[in-house]
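>>> sharing a model prediction with you, sequence too.
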Amino acid sequence: MQNAPCWTILVGGGLALWVALCPGSGAAAPAPPPAAATPTDDPLALAALLLSDGRLDQAAAVLAAAEPAATAAGAAAPRPGVGALDAARYWSLVGLVALQRQDYAAADAALERAASVAAARCVAADTGDCADAVDPLLRLSQARARLLGGDPAGALAALAQGGPA
């Protein structure tokens, strides 16, 4: 029997996983890895990833395509092909994209909307104490937007709403 040529392939850019392909060697090919969830399954996760990579235009496009119809309690009506979204997270990401684009008024408005949705969700859930309903990092981002937008008093107010350090 003739020796068949063997090929070695590097799989998965940068991973140290080598696969040898030797036709007729009788060795079973390794099973493919199980499919992992991708950020495209969750448009907010995808937008957050794009934002962290500095791809603001793509993040904004993903957010625009997934915009929820937010209710007062923070629930989001599903859009066809998107499903229900966390409205507070959505508006936080919109605010962070605007902040990175140096549109400080839009960033402040979106972050305030995220805070309002989070607070309304806590009230609707009737959990009692809603003092910690809004993430202090959201208020910190809002303070940054206000300070860079020329409103230092508004920045201090946002920090005060963020709770104790």
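Structure's in. What do you need?
>>> now do the contacts for the closest residue to A66 other than its chain neighbours.
In space, and not counting its chain neighbours, A66 is closest to P43: 3.8 Å by Cβ to Cβ, 6 or more residues apart in numbering. Any C-beta I mention is one placed from the backbone N, CA and C, and that applies to glycine too. P43 sits next to 62-63, 65-66, 82, 85 when contact means Cβ atoms under 8 Å, 6 or more residues apart in numbering.
>>> please report how far P43 lies from L63.
To L63, P43 is 8 Å away according to Cβ to Cβ, to the nearest Å.
>>> what do you get for A48?
10 Å.
>>> among the contacts of P43, which ones are buried?
Buried by 16 or more other Cβ atoms under 10 Å: 62-63, 66, 82, 85, out of those.
>>> among these, show me the least confident.
For those, the weakest pLDDT value sits at V82, with 45.
>>> need the helices for the protein, in chain order.
43-52, 56-65, 87-100, 104-125, 136-148, 152-161 (DSSP state H).
>>> low pLDDT regions in this protein?
Within the chain, the segments meeting pLDDT under 70 span 1-40, 68-84, 127-128, 130-132, 163-165.
>>> just name the most buried of the helices of the chain.
Mean neighbours per residue, mean count of other Cβ atoms under 10 Å, is largest over the helices of the chain for helix 87-100, with a mean of 23.
>>> which residues touch that one?
Identification of contacts with helix 87-100 by Cβ under 8 Å, 6+ apart yields 44, 47-48, 51, 54, 56, 59-60, 63, 66-68, 70-71, 74-76, 104, 106-111, 113-115, 117-118, 121, 138, 141-142, 144-145, 148.
>>> which among the contacts of P43 gets closest to D126?
Of all the contacts of P43, D126 sits closest to L85, with 22.6 Å by Cβ to Cβ.
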